[in-house]
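Engineer: just the structure for this:
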Amino acid sequence: MTIGSVIAGDQHLVLVGMMAAGKTTVARVLAERLGRPLFDSDSMIEQQTGRTVREIFADDGESAFRALETEALITALASDEPAVIAAAGGVVLNPENRALLKNSFARVVWLSAEPATLVERVTSTGHRPLLDDDPAGTLQRMFHDREALYREVADAIVLVDRRSIQEVVEAVLR
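Structural biologist: Numbers count the residues shown, from 1 in each chain. Purely as a prediction, here's the structure:
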């Protein structure tokens, strides 16, 4: 099986999943391997606004960030050149975003991780403002609330628990 048989040459490849599932890291490797541009929602938002995700949450609130998240998704999906897109973790919360993902000519892969794996990967520092008070409990609730939404948009699911980046990349390509 060739890469082209899995991902059409003119299809975007969109990675969705919880924060710390590895979307950005895996997307970088995939973009390089496939020779495609990379769109990373959080980076796009930070570049556009000149502020970090944490600053946006603190100054403008979650709803403002979610609107920026939608703009980033629309921009990435509108690219004429097939790209690898690392979508923000909460992108599936908005029904408009789920419709965009389902109706776009894109292959959507859910990088799925158990909440325990995610807790190991995150800390309350950096750009993860939703985790400040109770990372384990928050990630468990978020996983519960989002699991069906990720399934709804996913063309494929790749489990990332106890896998190296290269193993995840190979699984996405399969």
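Engineer: what's near enough to touch the nearest residue to V153 once chain neighbours are set aside?
Structural biologist: If the residues on either side of it in the chain are set aside, V153 comes closest to L101, at 4.4 Å by Cβ to Cβ, 6 or more residues apart in numbering. Every residue, glycine included, has its C-beta placed from N, CA and C. Residues counted as contacts of L101 (Cβ atoms under 8 Å, 6 or more residues apart in numbering) are 14, 16, 73, 87, 91-92, 108, 153.
Engineer: contacts for stretch 155-168?
Structural biologist: In contact with stretch 155-168 (Cβ under 8 Å, 6+ apart) are residues 17, 21-22, 25-26, 29, 107-114, 117, 150-151, 171-172.
Engineer: now do 6 Å
Structural biologist: With contacts defined as Cβ atoms under 6 Å, 6 or more residues apart in numbering, stretch 155-168 is touched by 21-22, 25-26, 107-114, 117, 171-172.
Engineer: end to end on it, go ahead and measure it.
Structural biologist: Across its full length, stretch 155-168 reaches 16 Å end to end, with Cα to Cα, to the nearest Å as the criterion.
Engineer: cool, and stretch 95-113?
Structural biologist: The first-to-last residue distance of stretch 95-113 comes to 22 Å (Cα to Cα).
Engineer: what about F39, helix or strand, and which?
Structural biologist: In this structure, F39 sits in strand 38-40 according to DSSP states H and E.
Engineer: for Q166, same thing?
Structural biologist: Counting by DSSP H and E, the element that carries Q166 is helix 165-173.
Engineer: which ones among the contacts of L101 map onto strands?
Structural biologist: Taking DSSP state E as the definition of strands, these contribute 14, 16, 108.
Engineer: give me the pLDDT for the last one.
Structural biologist: In this prediction, V108 carries a pLDDT score of 98.
Engineer: rewinding a little: ChimeraX command to pick out the buried ones of the contacts of stretch 155-168?
Structural biologist: A single ChimeraX command suffices to select whichever of these are buried according to 16 or more other Cβ atoms under 10 Å:
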select :21,22,26,107,108,109,110,111,112,113,114,117,171,172
